[in-house]
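In: sequence below, structure please.
(chains A, B, C and D)
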4 protein chains.
Amino acid sequence: MSVTERLRRNADSIWVSILNHPFVIELYTGKLPLAKFRSHSLQDYNFLIGLVRSLSFLAAKAPRLELSKMALELAYRTVTREMRNYGSLLRRLRLSISDAERETPNPTNLAYVNFLISTSSLQDFWKGLAALLPCFWSYQEIAFKHRAKLESNRVNLYRKWASVYLTGDYTALVSRLRSAIDRSGTDFRALKYHFLLASKYEFEFWDSSYREEV
Amino acid sequence: MSVTERLRRNADSIWVSILNHPFVIELYTGKLPLAKFRSHSLQDYNFLIGLVRSLSFLAAKAPRLELSKMALELAYRTVTREMRNYGSLLRRLRLSISDAERETPNPTNLAYVNFLISTSSLQDFWKGLAALLPCFWSYQEIAFKHRAKLESNRVNLYRKWASVYLTGDYTALVSRLRSAIDRSGTDFRALKYHFLLASKYEFEFWDSSYREEV
Amino acid sequence: MSVTERLRRNADSIWVSILNHPFVIELYTGKLPLAKFRSHSLQDYNFLIGLVRSLSFLAAKAPRLELSKMALELAYRTVTREMRNYGSLLRRLRLSISDAERETPNPTNLAYVNFLISTSSLQDFWKGLAALLPCFWSYQEIAFKHRAKLESNRVNLYRKWASVYLTGDYTALVSRLRSAIDRSGTDFRALKYHFLLASKYEFEFWDSSYREEV
Amino acid sequence: MSVTERLRRNADSIWVSILNHPFVIELYTGKLPLAKFRSHSLQDYNFLIGLVRSLSFLAAKAPRLELSKMALELAYRTVTREMRNYGSLLRRLRLSISDAERETPNPTNLAYVNFLISTSSLQDFWKGLAALLPCFWSYQEIAFKHRAKLESNRVNLYRKWASVYLTGDYTALVSRLRSAIDRSGTDFRALKYHFLLASKYEFEFWDSSYREEV
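Out: Next comes the predicted model:
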């Protein structure tokens, strides 16, 4: 079994909770109240800013140029394409980037982002990458698990949002991250803690969105 | 006078030495021995790796997302377009990226890169940007000062290399960096040391290439 | 009004909640259940490890040697005297340093520590110091506000614990930190966010200890 | 053979050059011109400031508290005892700490310090420690190799300076650093580059002092 498969299996009970979280289910079925999605979007925009800082730290300390490039591509993709998508998403929600910037990150968001930044600044590249992996990977697993639900989902906004994580492009991105870790020679035990904790934060993030935590 | 104009003026004697350095003059007139250019190219490739690390640090700590994005664009441009250009440049010199990777950075190169990394990791974003500015800016000033010489330059390789720094794209990049500093409200005195020292390292880098320092 | 007085006043409602938190009151009156104090001690030991990392980051990036020295003295005091005190405190609680090391930091603890590390690694020295100040300062303010209660406090362990924060040595330490910020020329607005958020985490930490959060 | 013995052996030709450098020999025999020693002292004071930053970075990222403590003790010792010794040394040289602070680090000093800071900020704890080791260790080896020369050395100042590195306290410090690396399980190959380069910088530092590099 590859290292990332072991990491995934070791966090399985948390991932099951993520995959079945009411926010996730209702988002894919189309039953999620718009207020909860708005709250999530404003928080998530702020999360991305922290994600970019964390990826940038990893690009700075990557052991090889190829890995620095991978981290930079992810960070660059986030500040360009993802942020642009957020701009249009927020407009459809009658919100703006300025609204997102004015939004205070809620305690769960803050704890998650500071965990990522602290990990990428103090720990080595691989622990940092293991901490970032659940965020990217779980969005893909959610999308593939629940894609059949999208067919009867009547909320255009939710269908469009979810479709990103079903693209070949996104699948390739997750494979690239996993494969970097799997080929690194880093031991499962060295990464276990960071992958598990990040998985917990993923769950907490969905949960805080559902509770519209402020 | 803007802050970057004051920084430039304060480092004028060094910039004059840069603009008139034999490596620079002979590169633009076409009289530079190919061995010196090869040596420079192998070193410069290694310098870029350090530049990318330094830019990534700045992206991590930028005070605003817009500035993080600017640093990431520069870093991303470097690991993609610039590195690709190096690939084809090295091929024309009958060298490869592998040759460049095997090349040991010479002491001057190492000192410059470690100054950039140390500055971007310890100091604030603006001091870090001031340290990176001479590298980008002086290449532009060199190109505009000596562009007439390119007409009688018979070495295709040198003309092609130099042409990059005359493009509108490159001019816009330098303006963007300068304008970020000029609009930051940071005092000239806070940035003086880092801009001046980076200018000295720019001079030393050309000089080490001319001496084919190992 | 000095900058630190403004920071303190701006966070007043949170500080009032800290000063009146049941954990604090019961600790000083001697009515705190020992189980809650044990839980707090095990968590606090882990907090100190993060505090040391954060202080070390500040020592690395301090703008002047004198400030680097101040951060190092605090960090060194923490890993020597404070950790030693914890050793004997834990023994009286029939616990050991090993128990403390095995204890998983609870979510509140983790969020606080990662906020400190993220701040000291990404932000400038002064923001980092402003984030660390509530921890040191509030312990002193608590001790002076509630010291009369100690007279009728029958729990030796609590009295001994509290007495540290009433010493001239500790008062001098807090004054030194405040005075460094007050003489730095840094604006209140630049530090407001970090001082306020750290104050909130101080409150949350007491609260998590009272709830014996795991 | 232990890892540090292999590191030492791998750098042997440089260490031989260090041990036989005229600055070192003349310092121990008492024939070193005072001007060279003054120049060295002013530079070395500035080097120590960088050393402290580098040690602080390592304390921030140490994998275990015990190692964080070791780095902090070294950093704290440097900013207290070592800096105090420098104060009295400089006074005997009719110089002051202010003179040292005004002194511009020469290019060799700057390159060495920025290598240490860049290593401790980008690389893991062990590579950072391997980069710091030659500085501490070579001073001890120099002292033991040349201690017989001290008997006929008529310059009190030089004898007093050298005596520090012959103490049991200093020997214990070097042993502690070496033993930390030897027990870390880190591979010789992972540390080779940083130990070797630091050794070269040690040689260059003595050489720059002898040349009174500015």
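In: now the residue nearest the centre of chain A, nearest residue through space, not along the chain?
Out: The residue lying closest to the centre of chain A (CA atoms, centre = their mean) is residue A:135, at 2.8 Å. Excluding its sequence neighbours, the residue lying closest to residue A:135 (CB to CB, 6 or more residues apart in numbering or on different chains) is residue A:202, at 6.3 Å. Every residue, glycine included, has its C-beta placed from N, CA and C.
In: tell me the pLDDT of residue A:116.
Out: pLDDT recorded at residue A:116 is 98.
In: again, but for residue A:3
Out: 98.
In: residues contacting it?
Out: By CB atoms under 8 Å, 6 or more residues apart in numbering or on different chains, the residues touching residue A:3 are A:181, A:182, A:184, A:186, A:187, A:188, A:191.
In: hmm, back to that, from residue A:150, how far out is the residue nearest to the centre of chain A?
Out: Distance of residue A:135 to residue A:150, computed by CB to CB, to the nearest Å: 21 Å.
In: coming back round to it: out of the contacts of residue A:3, who's nearest chain B?
Out: residue A:184 (18.6 Å; CB to the nearest CB).
In: excluding sequence neighbours, find me the nearest residue to that closest one.
Out: Per CB to CB, 6+ apart, closest to residue A:184 is residue A:126, 5.6 Å.
In: tell me how many other residues surround that neighbour.
Out: 22 (other CB atoms under 10 Å in any protein chain shown).
In: who are the packing partners of the helix or strand harbouring it?
Out: Assessed by DSSP states H and E, residue A:126 sits inside helix A:125-150. Helix A:125-150 sits against helix A:3-10, helix A:12-19, helix A:22-29, helix A:34-61, helix A:107-122, helix A:156-163, helix A:168-182, helix A:188-210, with contacts defined as 3 or more CB pairs under 8 Å, 6 or more residues apart in numbering or on different chains; DSSP states H and E.
In: rerun that using 7 Å as the cut-off
Out: helix A:12-19, helix A:22-29, helix A:34-61, helix A:107-122, helix A:156-163, helix A:168-182, helix A:188-210 (3 or more CB pairs under 7 Å, 6 or more residues apart in numbering or on different chains; DSSP states H and E).
In: for those helices, which one sits closest to residue B:163?
Out: With CB to CB as the criterion, residue B:163 lies closest to helix A:34-61 of the helices and strands packed on helix A:125-150, at 28.8 Å.
In: burial measure for residue A:35, as a count.
Out: Quick note: residue A:35 (other CB under 10 Å) scores 10 neighbours.
In: what does chain A have sitting close to chain C?
Out: Residues of chain A lying close to chain C by CB under 7 Å from any CB of the partner chain are A:53, A:107, A:110, A:111, A:114, A:115, A:117, A:118, A:121, A:122.
In: and chain B, which of those reach it?
Out: Okay, of the residues of chain A next to chain C touching chain B (CB under 7 Å from any CB), that's residue A:53.
In: of the residues of chain A next to chain C, which is the nearest to residue B:31?
Out: Nearest member of the residues of chain A next to chain C to residue B:31, counting by CB to CB, is residue A:53, at 46.8 Å.
In: show me what contacts the closest residue to that closest one other than its chain neighbours?
Out: Spatial nearest neighbour of residue A:53, excluding adjacent residues (CB to CB, 6+ apart): residue B:60 at 4.8 Å. With contact taken as CB atoms under 7 Å, 6 or more residues apart in numbering or on different chains, residue B:60 is in contact with A:53, A:56, A:57, A:60, C:122.
In: from residue B:67, how far out is the first one?
Out: Using CB to CB, we find residue A:53 at a distance of 12 Å from residue B:67.
In: then the last one?
Out: Taken as CB to CB, the spacing of residue C:122 relative to residue B:67 amounts to 13 Å.
In: do the same with the third one
Out: Residue A:57 sits 16 Å away from residue B:67 when distances are taken as CB to CB.
In: skipping adjacent residues, who's closest to residue A:48 in space?
Out: Closest residue to residue A:48 apart from its sequence neighbours, by CB to CB, 6+ apart: residue A:78 at 5.7 Å.
In: report how many residues lie close to the one you found.
Out: By other CB under 10 Å, 18 other residues sit near residue A:78.
In: roughly how far does residue A:61 sit from residue B:60?
Out: For residue A:61 relative to residue B:60 (CB to CB), the value is 10 Å.
In: what residues are up against the nearest residue to residue A:204 once chain neighbours are set aside?
Out: Excluding its sequence neighbours, the residue lying closest to residue A:204 (CB to CB, 6+ apart) is residue A:108, at 4.8 Å. Listed by CB under 7 Å, 6+ apart, the contact set of residue A:108 reads A:204, A:205, A:208, A:213.
In: so the third one makes contact with residue A:106?
Out: Yes. A contact is recorded between residue A:208 and residue A:106 when judged using CB atoms under 7 Å, the distance being 5.6 Å.
In: show me which residues of chain A are close to chain B?
Out: Those residues of chain A that sit near chain B, judged by CB under 7 Å from any CB, are A:49, A:52-53, A:56-57, A:59-60, A:65, A:68-69, A:72-73, A:75-76, A:79.
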